[in-house]
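>>> model the structure of this input:
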Amino acid sequence: MYQKKRFDSKGKYLDDKEDFLFGKKAPTPLLIKENGVIFSIYLDDGAMTGLFLDQREVRKAIKDKYAHNKKVLNTFSYTGAFSVFAALGSARETTSVDLAKRSLAKTTEQFQNNHIDLDKQHIVVEDVFLYFKYALRKKMLFDVVVADPPSFARSKKHTFSANKDYLKLLKEIIQITKVGGVIVASTNAASFSMMRFHDFIAKAFKELKGKYKVLESYSLPKDFRVHEKFQEGNYLKVVFIQKLK
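Predicted coordinates for the structure are as follows:
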């Protein structure tokens, strides 16, 4: 048994000497399997373990339905889980972008766990918004773009709040997505509803004079139970969007 603590007023992780409480300590890393894919997770290494389990149905959909022979961009990629599933779904190539320096080693580890050819996988340690500017300048286009940003993040040059900035993020992504391509827009922000999330999508395309089609949507899997009197707990919103124009 391990516990993660976010009890201070700003939601900051409270780091004790260790998160282990009792029982048998897990190996480091602990290898787990999700839908046939192997991941290294670390139960006593800060606030996060290396894999967000609430996204497992989304990852499976990318592998089974969207990745085949596609050029995939995974932004805010963390440890590269979406990229691993895309690669195993026969993506032509993947690009994983995250600001955290450790994302390079962590993502490489997950590819190696699954014997994936690293020559076709690109891992970029960079501010995602700076990467968007680079991609636009180089006229790069992707078949599939995954965006699963944190609700709030700060870098040296940018501050991102899902509530205020997701619209701008979508507009950046639309411009580097091929016509006919798919955007996987995701947020774990509990401060707005799925309806408002759809409003962001509609407004982003309207401002760019584009057209789109919603292919499918996901919220929390059934085993992530939400109390009827605390619907804010149903935080996950994921929409698969096809760019038509």
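>>> is it correct that residue 143 is in contact with residue 179?
No. Residue 143 lies out of contact with residue 179 (Cβ atoms under 8 Å); the separation is 10.4 Å. For every residue, glycine as well, the C-beta is placed using N, CA and C.
>>> more neighbours, those two?
residue 143 (20 against 11; other Cβ atoms under 10 Å).
>>> ok, for that one, nearest residue in space, not its chain neighbours?
residue 70 (3.8 Å; Cβ to Cβ, 6 or more residues apart in numbering).
>>> give me the pLDDT for residue 8.
pLDDT recorded at residue 8 is 63.
>>> for the worst-scoring helix or strand of the chain on mean pLDDT, buried residues please.
Across the helices and strands of the chain, mean pLDDT, DSSP states H and E gives its lowest value to strand 152-154, namely a mean of 77. Going by neighbour count (16 or more other Cβ atoms under 10 Å), the buried part of strand 152-154 is 152, 153.
>>> direction included, what does that strand pair up with?
Partner strands and pairing direction for strand 152-154 (DSSP bridges) are strand 159-161 (antiparallel).
>>> would you mind pulling the contact partners of the strand it pairs with?
Contact partners of strand 159-161, identified using Cβ atoms under 8 Å, 6 or more residues apart in numbering, comprise 129, 149, 150, 151, 152, 153, 154, 169.
>>> next SSE after that strand?
helix 162-175 (DSSP states H and E).
>>> list of residues touching that next one?
75, 129, 132, 136, 145, 147, 149-152, 160, 183, 185, 187, 189, 191-192, 197, 200-201, 203-205, 207-208, 210, 243.
>>> how about the helices in the protein?
56-61, 81-88, 103-113, 128-137, 162-175, 194-207 (DSSP state H).
>>> out of those, which is the most enclosed?
Per residue and on average, the most neighbours among the helices of the chain fall to helix 81-88, with a mean of 28 (mean count of other Cβ atoms under 10 Å).
>>> that one to helix 103-113, inter-axis angle?
Inter-element angle recorded for helix 81-88 and helix 103-113: 40 degrees (by axes from the mean of the first three to the mean of the last three Cα atoms, to 10 degrees).
>>> domains in the chain, by residue range?
1-51, 52-243 (automatic domain parsing).
>>> longest strand anywhere in this protein?
strand 177-187 (DSSP state E).
>>> mind listing what's buried in it?
177, 181, 182, 183, 184, 185, 186, 187.
>>> how close does the fifth one get to residue 90?
In other words, residue 184. 17 Å (Cβ to Cβ, to the nearest Å).
>>> for the third one, same thing?
Note on residue 182: its distance to residue 90, by Cβ to Cβ, is 15 Å.
>>> equivalent analysis for the fourth one, please.
According to Cβ to Cβ, residue 183 stands 20 Å off from residue 90.
>>> now the last one
Between residue 187 and residue 90 the distance is 28 Å, computed by Cβ to Cβ.
>>> what about stretch 106-119, start to end distance?
16 Å (Cα to Cα, to the nearest Å).
>>> now do that stretch, average pLDDT.
97.
>>> can you pull the contacts of the most centrally placed residue in the chain?
Nearest to the mean C-alpha position of the chain, by Cα atoms, centre = their mean, lies residue 148 at 3.3 Å. Counting by Cβ under 8 Å, 6+ apart, residue 148 touches 55, 75, 76, 82, 184, 186, 187, 188, 238.
>>> any chance of these in TSV, plus distance to residue 224 and pLDDT?
Putting the contacts of residue 148 into TSV (distance: Cβ to Cβ, whole Å; pLDDT from 0 to 100) gives the following:
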residue	distance to residue 224	pLDDT
55	11	97
75	24	97
76	21	96
82	18	98
184	19	98
186	15	97
187	15	96
188	11	94
238	13	98
